[in-house]
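Enquirer: how would this look folded up:
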Amino acid sequence: MNLFERVPTELFSVLASPNRALYADALDVLYETYRENLKIPEDTFYSMLRGKLEQQLADATFEGEDIDEEELRDISGRARFLVRKLYRKGWFERERGEDFEEYITVPGYSSRLLEVFHQLRDDSPVRGYSYVFGTYSTLKVAAEGGSVYDKMAAVYSAYENTQALIHLLQMVYHNVKHFFQLQIKMQEVNDVLASHFDEFGQKVVEAYIRPLKIKDSVPKYRVPIQTILTSWVEDDALLLALSNAALQDRRGATLDECRRDLLQKMFWVKDCYDSIEHDFLDEIDQQVRRYTRATTQKLENLTNRDYNVRGNLNYLLGALGENRRSSQLVDRIQPVFQLLEQSFLSEKSLWYRKRPGKRVKASPVLIEETGLDAATEEQAARLFRTEYGRAAIAAYVGTWLEGRDICYSKDLGLSDDKAYIMSMLAVLTGQDPDADYLVRELEGTFTENEYTIPQLQITRKERNHES
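Expert: The predicted structure follows:
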């Protein structure tokens, strides 16, 4: 579904205007108002805007905004303009209460975005959620209890926690790569130290990596989680009970669908815990070690760049890389330094991909249709009359009805193409009054040896039975 079928088309326009910093602060005030109040009078939101953003409102110019002169005159008018602007762009809705006061309501899409914006602005320490321990404790409590519903809910909870754990590990991996890119651009020792110890150390290592290694450890809880799930998978009676509970909870449309869904989720969680160390934790550890080594080397180069050859070379190469006219600088320092191009040979060095030429429209080619000659047609008709004629079909059906008056699709023995063709021809000739048999199609299909035919009932006619 298109994003703007769910949210107003101009919702994000306030964050692209020259006053986007003021609007971002106003949205944070809206989030705070929303979190602190169940019913939000519009005057309450207005008062909080005026009280918390007094200086920002006073400094704002509102150039290019559709603000009235009376609103622009003082802080109260500017705060009223902010309320009107956010309402028109769809960040909240208005309704009149039973007391005839104006109240604002925050739609679901707006509350989610406000939550994300607030988290991005928040500098307080964060911690990773205990997804692994939460999965283990939920399964353990459900396994020790006697409630089938608790066990069913525990399976879905384990699946959701494992998904959240995978998303968390992906976020940690990309955060490490992000700090690596930030470090490359830094040229001051204090900036590198602050980024490594304050930002990376607190927001990545202490918040996520350390809990995953010590408190919420995958190796610690992996085996108990898999043991509980394995015992449930192998218990057919319990699986049936879990499927019934899932069906009552509307987790699926049919009992078989609920059973299949439960088995898929349990097997998926088990497989994830088998591969999560190799695919995620080891890769994150490798990136952390690589980042730490690069940080150490960068600190050494930045600290000693004025005192040793390595630091001077680092400074020189950095300047060459940043200067657009580096070719002229290379020519100037070439007599002093032998700067050679680095290259290598591989198995593809002497191979070039063939590039297709431009396609041009060619003249059409006429295709002549050649029909069959008379002799070939006669031979084909003779073959059809002898091998697939009515007599041959009746004889084939007679072998199916040998010793009985009725047979079904399962009795035909679809072992080759000829039997399959005869079954179709028998359906076509079964309605003939002169035939010795009657063919009736039943509901459903029958498959044997990769041949699929309708469910058929072939009955010997009574005159044959009396003779």
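Enquirer: any idea how far stretch 176-184 is from the chain center?
Expert: Distance of stretch 176-184 from its chain centroid, counting by CA atoms, centre = their mean, to the nearest Å, is 25 Å.
Enquirer: got the contact list for it?
Expert: If you take CB atoms under 8 Å, 6 or more residues apart in numbering as the criterion, stretch 176-184 is touched by 192, 195-196, 199-200, 204, 284, 287-288, 290-291, 294-295, 298. In short, each C-beta sits where N, CA and C put it, glycine included.
Enquirer: can you check stretch 10-18 too?
Expert: For stretch 10-18, contacts defined as CB under 8 Å, 6+ apart pick out 20, 23-24, 27, 61, 63-65, 85-86, 88-91, 109.
Enquirer: From one end of that stretch to the other, what's the distance?
Expert: 15 Å (CA to CA, to the nearest Å).
Enquirer: what residues go with each domain of this structure?
Expert: Following automatic domain parsing, the chain resolves into domains at 3-121, 131-304, 377-466.
Enquirer: of all those, which lies closest to residue 361?
Expert: Among the domains of the chain, domain 377-466 comes nearest to residue 361, with 39.3 Å by CB to CB.
Enquirer: Break down this protein into its strands, ranges please.
Expert: 40-41, 93-96, 102-105, 406-408, 437-448, 451-460 (DSSP state E).
Enquirer: Please indicate which of the contacts of stretch 10-18 are buried?
Expert: Buried by 16 or more other CB atoms under 10 Å: 23, 27, 85-86, 89-91, out of the contacts of stretch 10-18.
Enquirer: Could you dump those into JSON lines and include pLDDT?
Expert: Output for those, formatted as JSON lines (pLDDT from 0 to 100):
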{"residue": "23", "pLDDT": "88"}
{"residue": "27", "pLDDT": "91"}
{"residue": "85", "pLDDT": "89"}
{"residue": "86", "pLDDT": "90"}
{"residue": "89", "pLDDT": "89"}
{"residue": "90", "pLDDT": "89"}
{"residue": "91", "pLDDT": "89"}
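Enquirer: Sort out which one of those lies nearest residue 251 for me.
Expert: Nearest to residue 251 among the buried ones among the contacts of stretch 10-18: residue 90, at 34.1 Å, using CB to CB.
Enquirer: Verify the stated contact: that closest one with residue 113.
Expert: No: using CB atoms under 8 Å, residue 90 is not in contact with residue 113, being 10.7 Å away.
Enquirer: For residue 286, the count of nearby residues, please.
Expert: For residue 286, the neighbour count with other CB atoms under 10 Å is 12.
Enquirer: got a list of what it touches?
Expert: By CB under 8 Å, 6+ apart, no residues touch residue 286.
Enquirer: Same check on residue 270?
Expert: By CB under 8 Å, 6+ apart, the neighbours of residue 270 are 225-226, 229-230.
Enquirer: which two in those are spaced the farthest apart?
Expert: 225 and 230 (9.6 Å).
Enquirer: Looking at those two, which is more packed in?
Expert: Ranked by neighbour count (other CB under 10 Å), residue 225 and residue 230 place residue 225 first, with 23 against 13.
Enquirer: returning to that earlier point: write a ChimeraX command that selects only the buried members of the contacts of stretch 176-184.
Expert: Selecting only the buried entries of the contacts of stretch 176-184 in ChimeraX, with 16+ other CB under 10 Å as the criterion:
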select :192,195,196,200,204,284,287,288,291,295,298
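Enquirer: Just send the contacts of stretch 176-184 back as TSV, with distance to residue 397 and pLDDT too.
Expert: Formatted as TSV, those follow (distance: CB to CB, whole Å; pLDDT from 0 to 100):
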residue	distance to residue 397	pLDDT
192	89	75
195	86	74
196	86	72
199	84	71
200	82	75
204	77	75
284	70	81
287	73	80
288	76	82
290	76	82
291	79	78
294	82	76
295	85	78
298	87	72
